[in-house]
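Asks: For reference, the sequence and a predicted model appear below.
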Amino acid sequence: MSKSFSVAVAGATGAVGNQMIKCLEEREFPVKSLKLLASRRSIGRKISFRGELTEVEVLEESSFKGIDIALFSAGGDTSRRFAPYAAADGCVVVDNSSAWRMDPEVPLVVPEVNPHSVARYTNKGIIANPNCSTIQMVVVLGPIHKRVGIRRIVVSTYQAVSGTGKKAIDELLDQTRAMINFLEYQVRVYPHRIAFNCLPHIDAFLENGYTKEEMKMVNETRKILEDPSIGITATTVRVPIFFGHSESVNIETKEHISPEEVRMLLDKAPGVKVMDDPKNNLYPMPLQAAGKDETFVGRIRADESIQNGINLWIVADNVRKGAATNAVQIAEILARDYL
Ligand code: A2P
């Protein structure tokens, strides 16, 4: 890549924004200039990029003049409000919030699965980055769907607190410290204590009894796999883990596929690493997936209760592949093929 680009990160001081900056550096994205944006709370903060400290600026409607690509991770309301200003100034927005994901004009992209959708960025100047749990699931299910067709997905998640942001990371740390020292703990971010607990509750509850997070997995998976006919049901659970989401995924395929064939297919799939040797206690865990960009899959076995069923266990770093890395990969496609 010979061209280089003016890049902005909106939400630069957050858990994902911070990782976006690191990913741009690690993946040697051709950055000509980097603008770091956050709220007034962050005035005066400096963040390091390629060994130099850059001052954080306040996100404003005029922040995007002269910017080519803006990576947004500052919450849905901020994206809804500021992404259109960025696009109007000719900047392409890669947005990590849920604000634009289901807009039919906005592409929802996982580079390993539907890179061709990036082309549709011209509709609104916005590309949506999917929900973290959805990304890691479709990276693995995409190749299976392509090969044999997926009729139905039943997924339960075990999601790390970093998905909620920095405040939740601090809350788990503070509560754990308090508990092991027999001190009073505070509950601020979640409705209940998260330390030494599990909450079957991610995002708000909806009329149908599911949470928003669960319905994101249903709707976003169908959009990315370009197949509204797939039956999907999800239960999303917050667990006291800092980094790395895990998922128990059960699929029913249209044509038969054996666990061995699934293993062989996924061994060659981009962005996937098969870790499946239970006899030697080898299976994916958040402990080993944290800090990595691959999506890990193991415990691949037949669901013996139905004709064409497969069970899988899928783990990825939710802040990296589930958010920052995926966004930077989208920016890489833009830079290579479109800008
Ligand atoms: P700030 O640190 O100034 O509050 P996280 O998801 O880890 O909590 O991070 C959220 C990110 O979004 C932070 O960088 C935060 O900045 C930024 N942010 C939140 N609200 C706004 C806003 N209204 N304008 C600009 N940035 C915002």
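Replies: Okay, I see it. Residues are numbered from 1 along each chain as shown.

Asks: Can you show me the helices along this protein?
Replies: Per DSSP state H, the chain carries helices over the ranges 15-26, 76-88, 132-148, 166-180, 212-224, 259-267, 286-289, 325-333.

Asks: Save those as JSON lines, and put in mean pLDDT and mean neighbour count too.
Replies: In short, each C-beta sits where N, CA and C put it, glycine included. Shown next, in JSON lines, are those (pLDDT from 0 to 100; neighbours: other Cβ atoms under 10 Å):
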{"stretch": "helix 15-26", "mean pLDDT": "97", "mean neighbour count": "22"}
{"stretch": "helix 76-88", "mean pLDDT": "98", "mean neighbour count": "18"}
{"stretch": "helix 132-148", "mean pLDDT": "98", "mean neighbour count": "24"}
{"stretch": "helix 166-180", "mean pLDDT": "97", "mean neighbour count": "16"}
{"stretch": "helix 212-224", "mean pLDDT": "98", "mean neighbour count": "22"}
{"stretch": "helix 259-267", "mean pLDDT": "98", "mean neighbour count": "16"}
{"stretch": "helix 286-289", "mean pLDDT": "98", "mean neighbour count": "18"}
{"stretch": "helix 325-333", "mean pLDDT": "98", "mean neighbour count": "25"}
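
Asks: Would you convert those helices into CSV that also reports distance to the ligand?
Replies: Formatted as CSV, those follow (distance: least, Cβ to the nearest ligand atom, whole Å):
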stretch, distance to the ligand
helix 15-26, 4
helix 76-88, 5
helix 132-148, 12
helix 166-180, 4
helix 212-224, 15
helix 259-267, 31
helix 286-289, 18
helix 325-333, 14
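
Asks: Spell out which parts of the stretch 51-200 of the chain neighbour the ligand.
Replies: Of all the residues in the stretch 51-200 of the chain, those in contact range of the ligand (Cβ under 6 Å from any ligand atom) are 59, 74, 75, 78, 165, 166, 167.

Asks: one more time with 5 Å, if that's ok
Replies: Selection of the stretch 51-200 of the chain residues close to the ligand by Cβ under 5 Å from any ligand atom yields 59, 74, 78, 165, 166.
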